[in-house]
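> Quick one: sequence plus predicted model below, questions after.
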Amino acid sequence: MKLYKLVRNTHKWISIILSVAFINMAITGSLLLVKKNYEWIQPPTREDAKGNIEEFINLQHVFEIVLNQGHEDFKSYDDIDRIEFRPNKRVYKVQSVYNHSEIQVGAVTGAVLSDDKRMSDMLEDIHDGSFFGDWFHDYFMLIIAFSLFYLTVSGIYLWLQPQIRKRQTAYPGRNEKKL
């Protein structure tokens, strides 16, 4: 019975202490699942004019177009976090290291197709803990993962233990050896 009480108490306190983190991950995870359905979470990928791959502008030209926009989050090459290329829609999605900004540039025309925020990147940072710092992502999220595993195993134990005890009292002679 001492083991049962210890498991119940640790299960309860870990749940209470980490409930805010679990709620945060549930909410952000749910929003990330539906991010493409809502423009305020992730802007839709625009589509450029039809054209062959030979007509696509090169990356140097994409950099020049983005940096010439006068956007406060794209002042130099160092401000660019990454570029995603979507060949089926003929678009370059250029993302800033600041404020989750994104500029979409047409691969054929070189036109700016969209200038928007990518809240999905911020949601990912909150979801995986990197929003709060590298130490939080690297250490605290690991503790949360182990805690979630412990809560699952201890929850199964806390559910099974009374079932086992009930069966033992309902059939007391079941565990006795027969001569």
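Arrived safely, thanks for sending.

> count of neighbours near residue 122?
Residue 122 has 15 neighbours, counted by other CB atoms under 10 Å. Just so you know, the C-beta spots here come from the backbone N, C-alpha and C atoms, and that holds for glycine as well.

> for residue 111, same thing?
12.

> can you pull the contacts of it?
Applying CB atoms under 8 Å, 6 or more residues apart in numbering to residue 111 gives the contacts 48, 105.

> Next: residue 15.
residue 151.

> In three-state terms, label it for me.
helix (DSSP: H, G, I helix; E, B strand; the rest coil).

> How much space separates it from residue 155?
9 Å (CB to CB, to the nearest Å).

> ok, now residue 139?
For residue 139, the distance to residue 155 - CB to CB - is 24 Å.

> repeat for residue 102
Applying CB to CB to residue 102 and residue 155 gives a distance of 41 Å.

> and those two? which has more neighbours close in?
More neighbours surround residue 102 than the other of residue 102 and residue 155, with 21 against 13 (other CB under 10 Å).

> My assumption is that that one lies in a strand; please confirm.
Yes. The assignment for residue 102 (three-state DSSP) places it in a strand.

> what residues are up against residue 66?
Residue 66 neighbours (CB under 8 Å, 6+ apart): 74, 80, 94, 103, 105.

> and the next element down the chain from the helix or strand where it lies?
Assigned by DSSP states H and E, residue 66 falls within helix 59-67. Downstream of helix 59-67, the first helix or strand assigned by DSSP H and E is strand 80-86.

> how much does that following strand deviate in direction from helix 59-67?
Angle, strand 80-86 to helix 59-67, by axes from the mean of the first three to the mean of the last three CA atoms, to 10 degrees: 120 degrees.
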